[in-house]
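Student: for reference, the sequence and a predicted model appear below.
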Amino acid sequence: MEETIFNASGGDTDLSGLQVQDLKAKLLDLKMKNDLLLKENNQLKRENNQLKRPPLFVAVVLDTMENSEVYLRQQGNNQEYISQTIDELRDALKPGMKVAVNNTLSIVRIVGNTFDTRVRVMELDESPEVDFSQIGGLREEIEEVREAVEYPLTKPEIFKRIGVEPPKGILLHGPPGTGKTLIAKAVAHQANAVFIRMSGSELVHKFIGEGAQMVRELFTLARERAPSIVFIDEIDAIGSMRTQDGTSGSAEVQRTLMQLLAEMDGFNNRGDVRIMAATNRVDMLDPALLRPGRFDRILEIPLPDEDSRHEILKIHSAKMTLDAVDFRELVRLTENSTGAELQAICREAGMIAVRRDADSVEMNDFLNAVKKVKNKSCAEDRMFL
Ligand code: ATP
């Protein structure tokens, strides 16, 4: 069948059915393209509007008050003020939350909870699964830590009765991998305390400009979750002797250290927050940290001796099926190894036996593991030379 349509010059043109279908398809195609362009145009308009808006400031909610008023502290300049918000946001606001405020300082939206930042830098363990039976050797050291950290939490009355103040902070120092963190976790477990760990080097490298604020939050969290044990690992990163170079990096570290000292000074020795720290470089620490009332007990955690190495190897191989393993010989071969290396040797021996598809771990697997772990440690040492 033929259709007649009018062309622009007023004449009529005869089109075949096929041609009409083709034109209709083209028209549909053009309509779709038009829709897509309209959408893109709207999106660009929205983005353009967004770019024209002034930036929002970030503040922390300190308290919520009546009449939709909120008590805020602005991040960066620490200025405090009372602001307004819309009802639907008001109910969701809680102290500690981060909010975005516009240039009239009204709350526009919730950014997140400061707890999010805290968990980025702090490790919080309600009840660490480590007990003293999992630590090889270090008996005297463990006893000293218990006296300074655990007993003030579990037996405060003894300190009161005798009239003695427990040490405020205890500093563990020694080579990496010798069990400093392990002791702190075991003490927290024994005292039923929450274990909160913060790494000094992470704080300095990942949270530039936020160090002092993080230290404040660490202690706030410790108070909120008391009884608790605060463990600051690699404290030398924030507590090294003051340098005179005056670079902004060191000024920032100074502020963080000052905040830490201020927090420690504000603590009660008999309170239910205990403070521990660890370092591999005690010689580099700022003397201000070691003054009485701060880290006034310093304890060395040494490399394990023969008996301790034996115990550590036994602890880390306790769950393995062993076949004629000569632990005395392994102890002889692992002089100067740390607890972490001994643990790695046990794990590696187990993996070698798995690869062999064996039923048990044999002495030869351990000997190969010792070689492998020792070679790895030597290579790492060379990297730091
Ligand atoms: P760093 O200075 O690197 O933080 P650290 O001294 O805190 O090291 P840990 O993290 O406590 O060392 O130890 C690492 C691992 O080594 C532990 O998880 C544990 O498995 C093992 N380990 C270290 N020392 C001992 C020990 N005395 N007994 C049993 N295991 C140990």
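Tutor: That came through, no problem.

Student: so how far is the ligand from Pro156?
Tutor: With distances taken as Cβ to the nearest ligand atom, to the nearest Å, Pro156 is found 27 Å from the ligand. Heads up, the C-betas are built off the backbone N, CA and C, glycines and all.

Student: what about the closest residue to that residue other than its chain neighbours, which SS state?
Tutor: If you skip the residues right next to it in sequence, Pro156 has Arg270 as its closest partner in space, 6.0 Å away by Cβ to Cβ, 6 or more residues apart in numbering. Three-state call for Arg270 (DSSP: H, G, I helix; E, B strand; the rest coil): coil.

Student: angles on the backbone of the residue in the stretch 1-150 of the chain that the ligand sits nearest to, please.
Tutor: Of all residues in the stretch 1-150 of the chain, Gly136 sits closest to the ligand, at 3.7 Å by Cβ to the nearest ligand atom. In terms of degrees, to the nearest 10, the main-chain angles of Gly136 are phi -90, psi 130.

Student: OK, contacts around the residue of the chain found nearest the ligand?
Tutor: For the chain, the residue closest to the ligand is Gly339, as judged by Cβ to the nearest ligand atom, at 2.1 Å. For Gly339, the contacting residues are 136, 177-179, 182, 304, 312, by Cβ atoms under 8 Å, 6 or more residues apart in numbering.

Student: likewise for Glu306?
Tutor: By Cβ under 8 Å, 6+ apart, the contact list for Glu306 reads Val331.

Student: quick check, pLDDT for it.
Tutor: According to the per-residue confidence, Glu306 scores 94 in pLDDT.

Student: re earlier: wait, the residue of the stretch 1-150 of the chain closest to the ligand sits on Pro304?
Tutor: Yes: the pair Gly136 and Pro304 qualifies as a contact (Cβ atoms under 8 Å) at a distance of 6.5 Å.

Student: and the helices in the stretch 1-150 of the chain?
Tutor: Taking DSSP state H, counting those that start in this stretch to define them, one finds helices in the stretch 1-150 of the chain at 17-52, 87-90, 114-121, 139-145.

Student: remind me which residues of the stretch 101-250 of the chain are low pLDDT?
Tutor: Within the stretch 101-250 of the chain, the ranges that satisfy pLDDT under 70 run 112-120, 208-209, 241-249.

Student: which bits of it sit near the ligand?
Tutor: 135-138, 176-182, 233 (Cβ under 6 Å from any ligand atom).

Student: rewinding a little: what's the pLDDT at the residue of the chain closest to the ligand?
Tutor: Model confidence at Gly339, given as pLDDT, is 95.
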